[in-house]
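[1] Quick one: sequence plus predicted model below, questions after.
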There are 2 protein chains.
Amino acid sequence: MPPAHPTAPEKFALALRTLRQHQQRVTAPRRAVLSVLTRRHGPFTADEIHRRISKGVCDIVTVYRCLTTMEEINLVRRCDFGDGSYRYEFNTGEHHHHHIICRVCHRVKTLEFCVAETLERMARKMGYANVTHTLEIFGVCGGCSRAAGVRG
Amino acid sequence: MPPAHPTAPEKFALALRTLRQHQQRVTAPRRAVLSVLTRRHGPFTADEIHRRISKGVCDIVTVYRCLTTMEEINLVRRCDFGDGSYRYEFNTGEHHHHHIICRVCHRVKTLEFCVAETLERMARKMGYANVTHTLEIFGVCGGCSRAAGVRG
DNA sequence: ATATGTGCAAATTCTTTGCATTAGA
DNA sequence: TCTAATGCAAAGAATTTGCACATAT
């Protein structure tokens, strides 16, 4: 069986395969987007991804289109931290997880733990099909708390 | 002690009192917004609220400003279903709750139950202060499933 | 060869802001 | 009275769309 945490190149190769399996073409912009997303987990906004791509490879519009396509085939997951823009992360399919977002420095930590199965089960009992959920935790991280404490 | 589920007029009266307590003026647009939000739990988008207000009472911009003010004094809660617009609901302060949103008809049910305390506790242990969370459940409700089933 | 993907410009959608005017307290 | 709230117009930000051109298969 594959290692629990595939390396970036492994994820990248897997992603290209997944594209082809879904009759999607492997283009330079798609490679670039996937390269960013497999190297660091993110999640990143479309703009952040675009800025991490070598200048001139593609337009921000193309980044959006790549991400939409990739979300449709479950290669990426779209997250919403409620701050006005969506974020995208590579979907390894390994484990469902959530984020803790610092309200001050906006750094994101991943929580490899989910507590919402109970709620999903409840929703299914209520007659819902195709149940999913979003769950994000917000707070002020230790560093930012200390920084604020020192100042005032 | 007050009843567990105050009536709409009770909520409305309470809301006006809360406004005054916070040195906020009681104006026609604010009454109109609160009237909508206390009559039905929602949550509603700014546009939905505006359309439910008698024509000519106020501009959509004013609805946004009312909602912002009301959120600041905790009279309303802002929800984000990740579909491009925020939704607002009256905050009775009674109990924290979540929503189940049908992906097809977009009808919202309230889940008077929260499972995320565990996660918040975990975040606090990780050194985060001022911890909150967002949690929404999505699915296809029974009615919509049946409708889809009948057709195809 | 040909359908799919991309660039550029422009449109859309949601939300916020500036400023003169109106109206609560 | 006098500050806070509103209307209107316009700005902003994020995302999507239209269409001609480029390119992966």
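    Good, I have the coordinates. Remember, it's a predicted structure, so these values are computed and weren't measured experimentally.
[2] Tell me which residues touch the residue nearest the centre of chain A, please.
    Chain A has A:Glu89 as the residue nearest its centroid, 1.8 Å off, counting by CA atoms, centre = their mean. If a contact means CB atoms under 8 Å, 6 or more residues apart in numbering or on different chains, then A:Glu89 has A:Leu37, A:His41, A:Gly42, A:Pro43, A:Phe44, A:Val76, A:Arg77, A:Cys79 as its contacts. No exception for glycine: its C-beta is placed from N, CA and C like everyone else's.
[3] make it 6 Å
    The contact partners of A:Glu89, by CB atoms under 6 Å, 6 or more residues apart in numbering or on different chains, come to A:His41, A:Gly42, A:Pro43, A:Arg77.
[4] where does the closest residue to the second one other than its chain neighbours land in three-state SS?
    The shortest distance from A:Gly42 to any residue other than its chain neighbours is 4.3 Å, reached at A:Glu89 (CB to CB, 6 or more residues apart in numbering or on different chains). Put simply, A:Glu89 is strand when judged by DSSP: H, G, I helix; E, B strand; the rest coil.
[5] gap between A:Glu89 and B:Arg78?
    24 Å (CB to CB, to the nearest Å).
[6] Ok, A:Thr118 next?
    Distance, A:Thr118 to B:Arg78, using CB to CB: 25 Å.
[7] between these two, who's got more neighbours?
    Higher neighbour count among A:Thr118 and B:Arg78: B:Arg78, with 16 against 11, using other CB atoms under 10 Å in any protein chain shown.
[8] Show me the contact partners of the stretch of helix or strand that one belongs to.
    For B:Arg78, the element it lies in under DSSP states H and E is strand B:76-80. Strand B:76-80 has contacts (CB under 6 Å, 6+ apart) with A:Gly82, B:Pro43, B:Met70, B:Glu71, B:Tyr86, B:Arg87, B:Tyr88, B:Glu89, B:Phe90, B:Asn91.
[9] Next up, the contacts around the second one.
    Listed by CB under 6 Å, 6+ apart, the contact partners of B:Pro43 are B:Cys79, B:Arg87, B:Tyr88, B:Glu89.
[10] Can you name the residues bridging to the first one?
    Same thing as B:Cys79. Assessed by DSSP bridges, B:Cys79 has beta-bridge partners B:Arg87.
[11] What count of nearby residues applies to it?
    Each residue near B:Cys79 was counted by other CB under 10 Å, and the total is 20.
[12] Same question for the second one.
    The local packing of B:Arg87 (other CB under 10 Å) involves 21 other residues.
[13] per-residue confidence at it?
    We have a pLDDT of 96 for B:Arg87.
[14] I'd like to check which residues are in contact with A:Cys114.
    A:Cys114 neighbours (CB under 6 Å, 6+ apart): A:His96.
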